[in-house]
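Visitor: Pasting a predicted model and its sequence here:
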Amino acid sequence: MTDFEGHRCYWLHGTTNWGKDNIQFYDATTGLLVGYRFEDDASKATWIVLFENYKNFGGPLIATRNTNRSGDQSQTLTYESVSYEPIDDSLVELPPAIKALLK
């Protein structure tokens, strides 16, 4: 257990397929993912990724505010809606050049 970004969290230490640390923080009350902490290989900078403002759009809860932060750099993505309506298969079809590589 640890405090992370104002939440009392379970602190899970994972290792990626590439052998890198991936520290995950889950809210002890809700069980929801609060964020990650990891080191960027190229810059050696520590990054914090936050997941906030979970909402229900008719499926699993979705974090509608996602923030990536390192030092004085920050980027926030905000989701206003989520749709579970089917989409046309052509929107996710692999391009011919990629299909050829799979053969």
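Guide: Arrived safely, thanks for sending. Numbering: from 1, shown residues only.
Visitor: Enumerate every residue touching His13.
Guide: Asp21, Asn22, Ile23 (C-beta atoms under 8 Å, 6 or more residues apart in numbering). No exception for glycine: its C-beta is placed from N, CA and C like everyone else's.
Visitor: Quick one: neighbours of the nearest residue to Val82 once chain neighbours are set aside, just the number.
Guide: For Val82, ignoring the flanking residues on the chain, the nearest one in space by C-beta to C-beta, 6 or more residues apart in numbering is Phe57 at 4.0 Å. Phe57: 13 surrounding residues under other C-beta atoms under 10 Å.
Visitor: mind checking pLDDT for Phe57?
Guide: On the pLDDT scale, Phe57 is placed at 94.
Visitor: that older thread, so which of the contacts of His13 is the most crowded?
Guide: Ile23 (17 neighbours).
Visitor: Give me the packing partners of the helix or strand hosting that residue, helices and strands only.
Guide: Assessed by DSSP states H and E, Ile23 sits inside strand 21-27. Here strand 21-27 touches strand 7-15, strand 33-39, going by 3 or more C-beta pairs under 8 Å, 6 or more residues apart in numbering; DSSP states H and E.
Visitor: let's go with 10 Å and repeat that
Guide: Using 3 or more C-beta pairs under 10 Å, 6 or more residues apart in numbering; DSSP states H and E as the contact test, the elements touching strand 21-27 are strand 2-4, strand 7-15, strand 33-39, strand 46-56.
Visitor: who does the first one pair up with?
Guide: Think strand 2-4. strand 7-15 (antiparallel) (DSSP bridges).
Visitor: Brilliant, that's me finished.
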